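Visitor: Sequence unavailable; structure follows:
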Ligand SMILES: [Zn+2]
Ligand SMILES: [Zn+2]
């Protein structure tokens, strides 16, 4: 225990028992973890107060403490020798370095998040709303950490310096005050909504601007929506990585789009008209030429995705003859008649190739 128990309780070493008791009771009430919920030091402060009282409140222990310091309380244990002192020095130095590091402004870490967007949003761009949790200044105390109308008192443990000296002579080091965490001040009445921290996690609905033409893997930055910076450091950023969801009817090829249009056998043979749904909205009617083959594509200029130069890609409509779902027994004779009336030159050419091929010797 580096800091004197008297300092923790804020009384002089000459204080009477009644005065000690009064000081302890007031501090225990003021710094009870229930009243300081959410404060990072709530538990450790209460532990310090309780520990100080457990020693100074007992006449016998107080006498030993006054005489030998913390060492006097190590009943039955060997007094720490040189090894113990070195160990304590290292620990003190570490916590000193640690507290120094805490005070250097540190930028908050970046966060990452993945979101799914539709193909239409990827192609044409647009706005998308996402909920983000961000650590912000507590709105109830304006980031002060004190209940409205109250302010701070200087920390009684470090007299407002934020640091305490521990050890003696060569081993003396200055370390961050364990009671105020280096702040040098204590809220008279901590803000109940943030536990005196002055910051709170706030959920914000943010609109993300998706540029036209983005692909899966594209990262968009939301500045300041990462982890909060420390000791006045900048907040980190939130990087939102986009994943483009596959579309049931559309495929994308650069700035061009391809839509698969299933057509009926009769439409393939005789030609016809069919509606093609557009990716952004609505539909366009196209003419299917007579004698269309499966895999044949029709090109609609300028109906694809937007290009970065402002022009648009093309929309390709790929025709695919859909094999009808039929009652085989009923359709058998109809198909037989159709075969008799039909010519299949490509199939015939293939068969001819087989027929005229010389057999392998
Ligand atoms: Zn302090
Ligand atoms: Zn607050």
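Guide: Received, thanks. A quick note: this is a predicted structure, and the numbers were derived from the prediction, not measured. Residues are numbered from 1 along each chain as shown. Ligands and ions are numbered 1, 2, ... in the order given.

Visitor: Next, count neighbours for residue 272.
Guide: Neighbour count for residue 272, taken as other CB atoms under 10 Å: 16. From N, CA and C alone the C-beta is placed, and that goes for glycine too.

Visitor: Hmm, it is touching residue 286, no?
Guide: No. Contact criterion CB atoms under 8 Å: residue 272 and residue 286 do not qualify, at 9.8 Å.

Visitor: Now list whatever residues contact both of those two.
Guide: The contact sets of residue 272 and residue 286 do not overlap (CB atoms under 8 Å, 6 or more residues apart in numbering).

Visitor: Can you get me a residue count around residue 241?
Guide: Residues within reach of residue 241, counting by other CB under 10 Å, total 13.

Visitor: And for the one 5 residues further on?
Guide: Neighbourhood size, residue 246 [other CB under 10 Å]: 9.

Visitor: wait, doesn't it sit right on residue 116?
Guide: No. Contact criterion CB under 8 Å: residue 246 and residue 116 do not qualify, at 10.4 Å.

Visitor: Alongside ligand 2, which residues does this protein contribute?
Guide: 138, 140, 141, 191, 193, 194 (CB under 5 Å from the ion).

Visitor: Report the separation between the third one and residue 193.
Guide: Plainly put, residue 141 is 7 Å away from residue 193 if you go by CB to CB, to the nearest Å.

Visitor: Between these two, point out the one with more neighbours.
Guide: The residue with more neighbours, out of residue 141 and residue 193, is residue 141; 23 against 15, by other CB under 10 Å.

Visitor: three-state assignment of the more buried one?
Guide: Here residue 141 is coil, with the state taken from DSSP: H, G, I helix; E, B strand; the rest coil.

Visitor: ok, of the residues of the chain next to ligand 2, which one's closest to residue 311?
Guide: Distance to residue 311, by CB to CB, is smallest for residue 138 among the residues of the chain next to ligand 2, at 50.3 Å.

Visitor: can you pull the contacts of the closest residue to the closest one other than its chain neighbours?
Guide: Of all residues beyond its chain neighbours, the one nearest residue 138 is residue 194 (3.8 Å), with distances taken as CB to CB, 6 or more residues apart in numbering. Residue 194 makes contact with 38, 138, 140, 141, 145, 200, according to CB under 8 Å, 6+ apart.

Visitor: Name only those of these that count as buried.
Guide: Buried by 16 or more other CB atoms under 10 Å: 38, 138, 141, 145, 200, out of the contacts of residue 194.

Visitor: re earlier: can you say which helix or strand has the residue nearest to residue 138 in it?
Guide: Assignment of secondary structure by DSSP states H and E places residue 194 within no helix or strand.

Visitor: how about the helices of this structure, start to end?
Guide: 5-9, 17-30, 42-56, 59-68, 82-103, 119-124, 265-270, 328-341, 345-356 (DSSP state H).

Visitor: Report the mean per-residue pLDDT for the second one.
Guide: Along helix 17-30, the predicted confidence averages to a pLDDT of 93.

Visitor: next one: the fourth one
Guide: Taken as a whole, helix 59-68 carries a mean pLDDT of 88.

Visitor: buried residues in that helix?
Guide: Buried residues in helix 59-68, counted by 16+ other CB under 10 Å: 61, 62, 64, 65.

Visitor: Among those residues, which pair sits farthest apart?
Guide: Comparing all pairs in these by CB to CB, the longest separation belongs to 62 and 64, at 7.4 Å.

Visitor: how near is residue 120 to residue 244?
Guide: Distance of residue 120 to residue 244, given as CB to CB: 10 Å.
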